[in-house]
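> return a 3D structure for these sequence lines:
(2 chains)
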There are 2 protein chains.
Amino acid sequence: MDKPKACIGHKIIFLDRVDSTNNYAAKRFKSGGIDSGSVILTDIQTNGRGQRGREWQSDAFSNLIVSITADLNLWKINSMISLNHLTALAIQSFLLKHTENVKIKWPNDIMIKDKKAVGILIESYITSSQRKSVIGFGANINQQNFEAPRATSLSLATGKFYNPKELIYELIETFNHFIEVYHDRGESWIQELYNQQLWKLKTDHLFKFNDQEQYGKINSTTSSGELVVEFPNGQKSFLNGQVAY
Amino acid sequence: MDKPKACIGHKIIFLDRVDSTNNYAAKRFKSGGIDSGSVILTDIQTNGRGQRGREWQSDAFSNLIVSITADLNLWKINSMISLNHLTALAIQSFLLKHTENVKIKWPNDIMIKDKKAVGILIESYITSSQRKSVIGFGANINQQNFEAPRATSLSLATGKFYNPKELIYELIETFNHFIEVYHDRGESWIQELYNQQLWKLKTDHLFKFNDQEQYGKINSTTSSGELVVEFPNGQKSFLNGQVAY
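Numbering: from 1, shown residues only, chains lettered A, B, ... in the order given. Reported below is the predicted structural model:
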């Protein structure tokens, strides 16, 4: 076997059905059954999970439900936040090849025309000698109907239908490109790029926090991952889960 | 229930037998079955794990085999390294109440009179909204015979026998003291204390790395957790797993 590198896609595992691709990937990755850079896909996920333990629903055979294994020591990625930036930028960039108006909703949703098209859940297992992450995401590709009012799919945006299993190769290429960009340009460059691609950047928008609602404008995110919003009465910064918008 | 605090021991779970207290704790902690600050003990561990996937063996009913759950957001602990420092210092301090010559062998073994008495394995599950750690350790208390030549127990050091289930309350108290110290004095203060308590600090000792052996002296550890050793031909710093001594 070749020496493992900081790239993905040398191994692709297609599963007909699984409880959660993240659970499957984490279990096999931790036990050494699969190595870093493996890509796991499924047609049907019976117990998908999203941010903060929320359920993640997806029509069968319609979408890209993917988990990627990443050895952060091997990838030479210092922080979880950088991995988050890199992942969001890669998925955004992949979608931009097919449609316009794709933005990153802090911390890690991808929006097409102001509706959510992708959710990302990165889970990491860390000890003093290991840093193993599983990057999970559900990208709505062909799905036409959603229970959530603010959800969309690539197909709804373009009027076309896609073969999700073909799209994965494009996504792998884009992802590997952003790993290279991270190594060539560095952490703060990737953060700056992420900041520029934020949904609702420098635009008046309603923010809900602490039982209050206020209009403000997103300024940027901090190096520790907080969202900085400019309100008429001053700036506030929020951790993930502290604000809805 | 009281609001959860950055302390341990409000819940203690005694298990007769378990595959690994860390596995048990991680599973229940991630699913919400137990909360932060729970202490899990067992008399018999059938599949104990140590650093870098090594097996951890312990005679039945002889020792303290413990896992502690920690919500790092709740504990306001910024880095895994600080949690490592705090844990090593707490266990060292607990042993110092019973015997002398207790030192911390970088990164996280505890030595009594130059022999290993405690191994620590901290495992963390991290997403963008959660930072859950399980602090596992095996402290040799009453065990008299070891396969490993450089292992010892508290009993071998003092000539006394102990009730491990009584000692756990002492350990909980010491642990909570060090969480407070971390909050009062801060990260760099804790790191400095850890550096002062290192086994073989500023003492000539043989180090093995990259198929070579060289005498050197430990200077300190860095804020990113590397061991800094002074050799006749200059300083070298090592990550966990890169040097044996």
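
> any idea which element the most centrally placed residue in chain A lies in?
Among the residues of chain A, the one closest to the centroid is residue A:120, at 3.5 Å (Cα atoms, centre = their mean). Assigned by DSSP states H and E, residue A:120 belongs to strand A:115-126.

> between that strand and strand B:115-126, how many degrees?
Per axes from the mean of the first three to the mean of the last three Cα atoms, to 10 degrees, the angle that strand A:115-126 makes with strand B:115-126 is 180 degrees.

> now for strand A:115-126, which elements pack on it?
helix A:21-30, helix A:80-96, strand A:109-112, strand A:131-139, strand B:115-126 (3 or more Cβ pairs under 8 Å, 6 or more residues apart in numbering or on different chains; DSSP states H and E). (C-beta placed from N, C-alpha, C; glycine too.)

> which of the ones you listed sits closest to residue B:214?
Among the helices and strands packed on strand A:115-126, the nearest to residue B:214 by Cβ to Cβ is strand B:115-126 (22.3 Å).

> now that closest one: average pLDDT?
Taken as a whole, strand B:115-126 carries a mean pLDDT of 96.

> starting at the chain centroid, how far to it?
Its chain's C-alpha centre lies 5 Å from the corresponding centre of strand B:115-126 when counted by Cα atoms, centre = their mean, to the nearest Å.

> just stretch A:26-34 next, same as before
Worked out by Cα atoms, centre = their mean, stretch A:26-34 lies 21 Å from the chain centre.

> quick one: mean pLDDT over it.
The average pLDDT within stretch A:26-34 is 94.

> check which residues of it are buried.
Using 16 or more other Cβ atoms under 10 Å in any protein chain shown as the test for burial, stretch A:26-34 gives A:26, A:28-30, A:34.

> output it as PDB, restricted to C-alpha atoms.
In PDB, the C-alpha atoms belonging to stretch A:26-34 read as follows (Å, rounded to 0.1, in the frame of the first residue of the first chain):
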ATOM      1  CA  ALA A  26     -16.100   6.300  13.400                       C
ATOM      2  CA  LYS A  27     -16.400   2.700  14.500                       C
ATOM      3  CA  ARG A  28     -14.300   1.200  11.700                       C
ATOM      4  CA  PHE A  29     -11.800   4.100  11.800                       C
ATOM      5  CA  LYS A  30     -11.200   3.900  15.500                       C
ATOM      6  CA  SER A  31     -10.700   0.100  15.300                       C
ATOM      7  CA  GLY A  32      -8.300   0.400  12.300                       C
ATOM      8  CA  GLY A  33     -10.700  -1.300   9.900                       C
ATOM      9  CA  ILE A  34     -10.500   1.700   7.500                       C
END
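
> near chain B, which residues of chain A are found?
Contact residues, chain A versus chain B (Cβ under 8 Å from any Cβ of the partner chain): A:51-52, A:80, A:84, A:107-108, A:121-130, A:225, A:240-241.

> make it 7 Å
Where chain A comes near chain B, counting by Cβ under 7 Å from any Cβ of the partner chain, the residues are A:51-52, A:80, A:84, A:107-108, A:121-129, A:240-241.

> give me the buried subset of these.
A:51, A:80, A:84, A:107-108, A:121-128, A:240.

> got a list of what residue A:90 touches?
A:174-175, A:178 (Cβ atoms under 7 Å, 6 or more residues apart in numbering or on different chains).

> what does the pLDDT read for it?
pLDDT at residue A:90 comes out at 98.
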